[in-house]
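>>> predicted structure and sequence below. I'll ask about it afterward.
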Protein chains: 6
Amino acid sequence: MLLHTAAWPEIEAYLKTSTGIIIPIGSTEQHGPNGLIGTDAICPEVIAREAGEDAGILVGPTFNVGVAQHHLGFPGSMTLRPTTMIAALNDWIDSLARHGFEKIYFLNGHGGNIATIGAAFAESYSNWSFDGEACPYELMQRNWWDLPGVMDVCRSLFPVGEGSHATASEVSVTYYAYPEHVKNVKMSPKIAPNGRFTDADDYRKTFPDGRIGSDPAQATPEKGATIVQAARKAVIQDVTAFFSR
Amino acid sequence: MLLHTAAWPEIEAYLKTSTGIIIPIGSTEQHGPNGLIGTDAICPEVIAREAGEDAGILVGPTFNVGVAQHHLGFPGSMTLRPTTMIAALNDWIDSLARHGFEKIYFLNGHGGNIATIGAAFAESYSNWSFDGEACPYELMQRNWWDLPGVMDVCRSLFPVGEGSHATASEVSVTYYAYPEHVKNVKMSPKIAPNGRFTDADDYRKTFPDGRIGSDPAQATPEKGATIVQAARKAVIQDVTAFFSR
Amino acid sequence: MLLHTAAWPEIEAYLKTSTGIIIPIGSTEQHGPNGLIGTDAICPEVIAREAGEDAGILVGPTFNVGVAQHHLGFPGSMTLRPTTMIAALNDWIDSLARHGFEKIYFLNGHGGNIATIGAAFAESYSNWSFDGEACPYELMQRNWWDLPGVMDVCRSLFPVGEGSHATASEVSVTYYAYPEHVKNVKMSPKIAPNGRFTDADDYRKTFPDGRIGSDPAQATPEKGATIVQAARKAVIQDVTAFFSR
Amino acid sequence: MLLHTAAWPEIEAYLKTSTGIIIPIGSTEQHGPNGLIGTDAICPEVIAREAGEDAGILVGPTFNVGVAQHHLGFPGSMTLRPTTMIAALNDWIDSLARHGFEKIYFLNGHGGNIATIGAAFAESYSNWSFDGEACPYELMQRNWWDLPGVMDVCRSLFPVGEGSHATASEVSVTYYAYPEHVKNVKMSPKIAPNGRFTDADDYRKTFPDGRIGSDPAQATPEKGATIVQAARKAVIQDVTAFFSR
Amino acid sequence: MLLHTAAWPEIEAYLKTSTGIIIPIGSTEQHGPNGLIGTDAICPEVIAREAGEDAGILVGPTFNVGVAQHHLGFPGSMTLRPTTMIAALNDWIDSLARHGFEKIYFLNGHGGNIATIGAAFAESYSNWSFDGEACPYELMQRNWWDLPGVMDVCRSLFPVGEGSHATASEVSVTYYAYPEHVKNVKMSPKIAPNGRFTDADDYRKTFPDGRIGSDPAQATPEKGATIVQAARKAVIQDVTAFFSR
Amino acid sequence: MLLHTAAWPEIEAYLKTSTGIIIPIGSTEQHGPNGLIGTDAICPEVIAREAGEDAGILVGPTFNVGVAQHHLGFPGSMTLRPTTMIAALNDWIDSLARHGFEKIYFLNGHGGNIATIGAAFAESYSNWSFDGEACPYELMQRNWWDLPGVMDVCRSLFPVGEGSHATASEVSVTYYAYPEHVKNVKMSPKIAPNGRFTDADDYRKTFPDGRIGSDPAQATPEKGATIVQAARKAVIQDVTAFFSR
Ligand code: NI
Ligand code: NI
Ligand code: NI
Ligand code: NI
Ligand code: NI
Ligand code: NI
């Protein structure tokens, strides 16, 4: 069930059977010459929605702009400052906690969000720790590619050129979700360079077309379907364990 | 064109022909017994997307959780504090301005956002006004129901029971967008009460099922299609005028 | 009764008969060649004080610097960032609520404040809505020119050249309050241009002498007296209705 | 000259002869049984205005609500959190600096403001110190009672019972400014107790009627006139030295 | 060289040969019945100081209170909210960058800091990424136990009962630094339980004496010396590589 | 007892006998050609530690970077913005209050901190004053040189050239603490100039080698010992009085 297409009495009813929710959380940032700018939001959204449908788990709105300051050198990339994101996540958490949600599971699609989500969780718990009251909810983040078994599938699909940004796998997942937006773009070199980065200027200089270590020309909707299928099962297990612990 | 399904070189190319973008902005909040919680995000998103497709205008991600503190008495409603929303909108604006966008048009779907969007614009301009430099971009917000001609269509479709929250029109637009989520729910009284409200407790006491002045049982996908068609044309005209002024 | 000239036992006594207060709220910004920089603070202050005297309503200190970033191109204009103003208004509200004030009525003199006041109210209510407790106070803002009947008087006094900034009416009200500061200044064109604006640079370019659409050379203390008389009666009615609802 | 009753061309002209301004800064807080709640704002306002008139110095709007958290136990007291006041003062400073003011002199009327004004100044300078550019303006605060010679006058007028809050002197100054608000109130004990305080609860317990160490029943408009006369001369000297250094 | 015991001309001279600095960063929090509350600050401080002495690297002041909200159930633990820590770290970074430091290496002693340090780095880079200028400095964090070879030493010293909080290794390092504070305390069970935690209440319930998975009764100054020796060498290599890349 | 070398059960035991703690608070900033950058942190730290040892008073971690924006013109100086410091101090205070500390005594070593510490205290008390509850703790700051008798000792040791920054006394105290870091540096003029300052640029121009009014070449470890001995006794008395009032 999606929060956005439910009416409030349906959520009231859901809360009698479960107090858990999945929030897809991503980013709006360049993903190389043939990757969708919404990739990091689309991947967890698609996986969460399919899992939610299969398993009757509530899925909230997608947190669609994350911490992507290092991508601002590429047109279309958007970012929140980490402190803004912490404030926004705390408002989302407080809203859900207000209704009695006790397990909030963030399915993350963007490496650049991980630290800030962690800091946001500590910010949220701090309120209770300072007060000395028990916090009534538990927060969890999981990167979709860290779900058990998912990287095995990705590596077997893309033994070479998976990479770490604009990966063959994530582009495949978005092509599965939006086959009408498959893009055929020549990329050179075939496999993008690897390296470190700091700010947007540094990133663009080091990775001129936006990719890191990847050959996303291999991406296809079919491979995306395979990945989503693996991730969907894994996320249901992961969420179920989290909700019931 | 949607930002989320484009790759960065496509945005680079777009910026050579236009520096304008539409950002749908809504809310995640109860919309009465048969209205979708995502209504206020879905309406501007659907209208913007159809307009963007028709007229080749770029449409950014939907700002999907707004200022809806007064709805927190109903399960599933989410809110940002106004100061959080101002920070987030400024990060969105600064990201887009970084790439050379000069006209940022927020198509709004939620009355509760209007004041905060206005404050966010003044916050953004303040940076330039304090510095004494000319701000290189212009910001605009428009409620979709305020687009020329739209309320005429709504009133002719729903001469009675349009209301002001969980309106027959907005529910119709969401039914047009998600016909599989049409909900048949008995509501009593047929037309909800009118009134004022302050916080969530006050709102729930005054409007027990969440509606204000409306009879959204009249909503149908077909009526939604009629409204979207009117709004789509109007938004193209409105945006075109804004982009070219 | 003015808060500033009362002693605390008088406020203690007042609170036993009424829990309502008026806060004049304005701005410190250019008002054209012959308009006072304090115009937007002076107008609601004068109207509130006369009404307070007539009707025994408590009037608090004037919030005298508002959101006027667009006027910073003219010497003497001052502004708060909207987020600063939201913080300050919330401290004012929390202070008054601490004493048991339940109805706080902001009589506003500046269009540029409206959105930020609205956002500040939502920020204030948010605290209660998140907590799930009923907010013990109600907030209201009213522009003095929107009081019933006031614009009718203004339009009849100034059928031509009322304008929308540095208006003939508001300048008249300040001349009524400070007849020793009537200024005779040649202005050209007689009626200032109309238009839109964004930041301070844009404003100054579009409205070189600061006026928008107005011919304030028509302003006189006598016309100001007529306006204040109308506004005073209207604000008493408006406030009385608010305090007793 | 008062900023509030000047028009912008007058400020433009003033800036050609002087880049200095006085900002009266006070508080809105209980001042014992016969003291005005606005005392700490009224005192510097009156002194600054008379000095400004005498010497042709520009006087800005009064910063009328300060840090008075410890007075919140008495009806009518209002406070800003220190962080709010720092933000507001920085916006005031940045506004004035934008126009070329280089010497901003805060004439303070409230002991509780001193630390926060100092912190606000350091916050303002920090921007320049981090950037490595020279700050183009200088900030100064002066308590009116610390002006050379003023306390001598106060002590000679009130050899006994001057006190440190709701002092005989400050009440006299307000009586001079608002003789129609002289209040005759029996106070017991004649001289209020002395002591320390932390928060509002502690303050009210220690100082039940709000006074500290004072016998303000001695206050008269005439004595207020004497004090203002001394302070007016001293502030002109102090400001002149500051503006010209 | 330690920043705190150097004079500014020494830093001026140092900057001509190196623009790198190490900042030890830790926490002030319970470390079980026999562990020092300053453990997480002391460990990186000791390692950094010895490395700095050996290799002529400048070592700044220790950031000694970190994100430890989950330890607040134990007397003596202190925490910063993550947003406070981000602000403080950014002020530290901006101060160092002001002097021309280009490589700032945070040697971290506390797992609870990792996410917030990462968020603080992104916050810092954001300023440059929004502006489109190249950031002149590079930031790096390293947990001392993640230095190459260090965990091998720890595991060989404590094949059983190393644990993950109040570890045998970190307690040993503090005993090496402060042998006069070796504490002999009976702990039961010998090896503390493992598990997850959220806020302070949850932590204390799950880990009643504060330890997680460890048997720190094994700690000795001698073993601490061995660990520090390994870490000292490793940090010199790590820092040297960072400074010269 | 030092918090950092104690284990939590020791703090639990301490709190049964005393609810008071000393927090040394300083700065990291240039102290002239022969003064240590850590001077303002080292002085209160050394005094507090010796006093704590003598009298069994708990001493917390040193707040080691303060408000020193005006020193940023000299390599190695670090600063917090005042608002950052207010946030950090409030987190420290809230942490200690959580454990039942009721008397928190800040022994300050830096004049530039005084205003901000005062503002931080008011910020802390504000929370309680707004709520109307009694604040359970009391806060106090004391500059070590303001302790009774200390300046007498300093003046007798340095009748000429004590100065007000990089003073002969404070440098002596650090030489006592770190005799291995005594620095012999020629300074010219022998006694540094006196004056005012605003930001870092202004400070460096006015005080080219960082000293104000001092001749710290007179500093010796022995004189430092004399000062510390006086301060240690005075701080014990001062703290004891504060804890027991
Ligand atoms: Ni990605
Ligand atoms: Ni709606
Ligand atoms: Ni006006
Ligand atoms: Ni006073
Ligand atoms: Ni540790
Ligand atoms: Ni010093």
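Yep, that arrived. Ligands and ions are numbered 1, 2, ... in the order given.
>>> all contacts plus neighbour counts: C-alpha atoms, from now on.
OK.
>>> next, the contact list for residue A:211, please.
A:31, A:32, A:33, A:165, A:166, A:167, A:192, A:193 (CA atoms under 8 Å, 6 or more residues apart in numbering or on different chains).
>>> quick check: closest non-adjacent residue to the fifth one.
Once its chain neighbours are removed from consideration, residue A:166 has its nearest residue in residue A:31; the separation is 4.6 Å (CA to CA, 6 or more residues apart in numbering or on different chains).
>>> what's the neighbour count on the one you found?
Residue A:31 has 28 neighbouring residues, counting by other CA atoms under 10 Å in any protein chain shown.
>>> I figured it hits residue A:210, correct?
Yes. Counting by CA atoms under 8 Å, residue A:210 is a contact partner of residue A:31 at 6.3 Å.
>>> joint contacts of the two?
Applying CA under 8 Å, 6+ apart, one finds that residue A:31 and residue A:210 are jointly contacted by A:165, A:166.
>>> may I ask which helix or strand encompasses residue A:204?
helix A:200-206 (DSSP states H and E).
>>> thinking again about what came up before, per-residue pLDDT, the residue nearest to residue A:166?
Reported pLDDT at residue A:31 in the predicted model: 98.
>>> ramachandran angles for it?
Backbone geometry at residue A:31, expressed as degrees, to the nearest 10, gives phi -130, psi 50.
>>> over to residue A:104?
The phi/psi pair for residue A:104 (degrees, to the nearest 10) is phi -120, psi 120.
>>> is it true that it touches residue A:121?
No. With contact defined as CA under 8 Å, residue A:104 does not count as touching residue A:121 (10.6 Å).
>>> overlap in contacts of these two?
residue A:139.
>>> quick one, what contacts the residue nearest to residue A:218 when sequence neighbours are not counted?
Leaving aside its sequence neighbours, residue A:218 sits nearest to residue A:168 (CA to CA, 6+ apart; 6.1 Å). Contacts for residue A:168 (CA under 8 Å, 6+ apart) come out as A:158, A:161, A:162, A:214, A:215, A:216, A:217, A:218, A:219.
>>> and for residue A:107?
A:22, A:23, A:24, A:25, A:44, A:48, A:141, A:142, A:143, A:144.
>>> confidence score at it?
pLDDT at residue A:107 comes out at 98.
>>> same question for the one 4 residues further on.
At residue A:111 the predicted local confidence, pLDDT, stands at 98.
>>> what does residue A:55 give?
Looking at residue A:55, its pLDDT stands at 98.
>>> for the one 3 residues further on, same thing?
Reported pLDDT at residue A:58 in the predicted model: 98.
>>> show me where chain A has strands.
A:20-25, A:103-108, A:138-143 (DSSP state E).
>>> without its sequence neighbours, what residue ends up closest to residue A:38?
The nearest residue in space to residue A:38 (CA to CA, 6+ apart) is residue B:4, at 4.0 Å.
>>> for chain A, what lies in contact range of chain F?
A:130, A:131, A:132 (CA under 8 Å from any CA of the partner chain).
>>> check these one by one and keep those near chain C.
Answer for those near chain C: none qualify (CA under 8 Å from any CA).
>>> quick one, longest helix in chain A?
If you go by DSSP state H, chain A has its longest helix at helix A:221-244.
>>> how about it, which residues are buried there?
Within helix A:221-244, the residues that qualify as buried are A:221, A:223-228, A:230-237, A:239, A:242-243, counting by 16 or more other CA atoms under 10 Å in any protein chain shown.
>>> swap in stretch A:182-193?
A:182, A:183, A:187, A:191, A:192.
>>> distance check, the closest residue to the fourth one other than its chain neighbours against residue D:153.
Spatial nearest neighbour of residue A:191, excluding adjacent residues (CA to CA, 6+ apart): residue A:215 at 4.8 Å. Taking CA to CA, to the nearest Å as the criterion, residue A:215 is separated from residue D:153 by 84 Å.
>>> those two: who's more crowded?
Of the pair residue A:215 and residue D:153, residue A:215 is the one with more neighbours under other CA under 10 Å, namely 25 against 19.
>>> contact partners for the residue of chain A found nearest chain F?
Nearest residue of chain A to chain F (CA to the nearest CA) works out as residue A:130 at 6.3 Å. Taking CA under 8 Å, 6+ apart, we find residue A:130 in contact with E:69, E:72, F:94, F:95, F:98.
>>> can you do 10 Å?
E:69-70, E:72-73, E:78-79, E:81, E:199-201, F:91, F:94-99 (CA atoms under 10 Å, 6 or more residues apart in numbering or on different chains).
>>> repeat that for residue A:48.
Contact analysis of residue A:48 by CA under 10 Å, 6+ apart lists A:2, A:22-24, A:42, A:54, A:57-60, A:62, A:106-107, A:144, A:228, A:231-232, A:235-236.
>>> wait, doesn't residue A:157 sit right on residue A:170?
No. Applying CA atoms under 10 Å as the test, residue A:157 and residue A:170 come out as separate, 11.9 Å apart.
>>> overlap of the contact sets of those two?
By the contact definition CA under 10 Å, 6+ apart, residue A:157 and residue A:170 are jointly contacted by A:219, A:223, A:224, A:227.
>>> so the second one makes contact with residue A:176?
Translated: residue A:223. Yes. Look at residue A:223 against residue A:176 with CA under 10 Å: they come within range, at 7.7 Å.
>>> what residues are shared contacts of those two?
By CA under 10 Å, 6+ apart, residue A:223 and residue A:176 have these common neighbours: residue A:170.
>>> packing partners of the longest helix of chain A?
Here helix A:221-244 is seen to pack against strand A:20-25, helix A:39-55, strand A:103-108, strand A:138-143, helix A:150-157, helix A:168-177 when contacts are counted using 3 or more CA pairs under 10 Å, 6 or more residues apart in numbering or on different chains; DSSP states H and E.
>>> any idea how far the first one is from the middle of the chain?
With CA atoms, centre = their mean, to the nearest Å as the basis, the distance from the averaged C-alpha position of strand A:20-25 to the chain average is 10 Å.
>>> same check on the fifth one?
Relative to the chain's own centre, helix A:150-157 is displaced by 18 Å; criterion: CA atoms, centre = their mean.
>>> average pLDDT for it?
For helix A:150-157, mean pLDDT is 98.
>>> if we can go back for a sec, okay, the buried residues of stretch A:182-193 in CSV with pLDDT next?
Converted to CSV, these look like this (pLDDT from 0 to 100):
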residue, pLDDT
A:182, 98
A:183, 98
A:187, 98
A:191, 98
A:192, 98
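>>> any idea how far chain D is from residue A:163?
Plainly put, residue A:163 is 39 Å away from chain D if you go by CA to the nearest CA, to the nearest Å.
>>> okay, and the beta partners of residue A:212?
residue A:165 (DSSP bridges).
>>> burial count for it?
Neighbours around residue A:212, by other CA under 10 Å: 25.
>>> contact partners for the most centrally placed residue in chain A?
Centroid check for chain A by CA atoms, centre = their mean gives residue A:109 as the closest residue, at 2.1 Å. Residue A:109 sits next to A:24-27, A:39-45, A:64, A:66, A:142-145, A:170 when contact means CA under 10 Å, 6+ apart.
>>> switch to 7 Å and redo it
By CA atoms under 7 Å, 6 or more residues apart in numbering or on different chains, the residues touching residue A:109 are A:25, A:26, A:40, A:41, A:43, A:44, A:143, A:144.
>>> tell me if I'm right that the third one and residue A:110 touch.
Yes. Using CA atoms under 7 Å, residue A:40 makes contact with residue A:110 at a distance of 5.4 Å.
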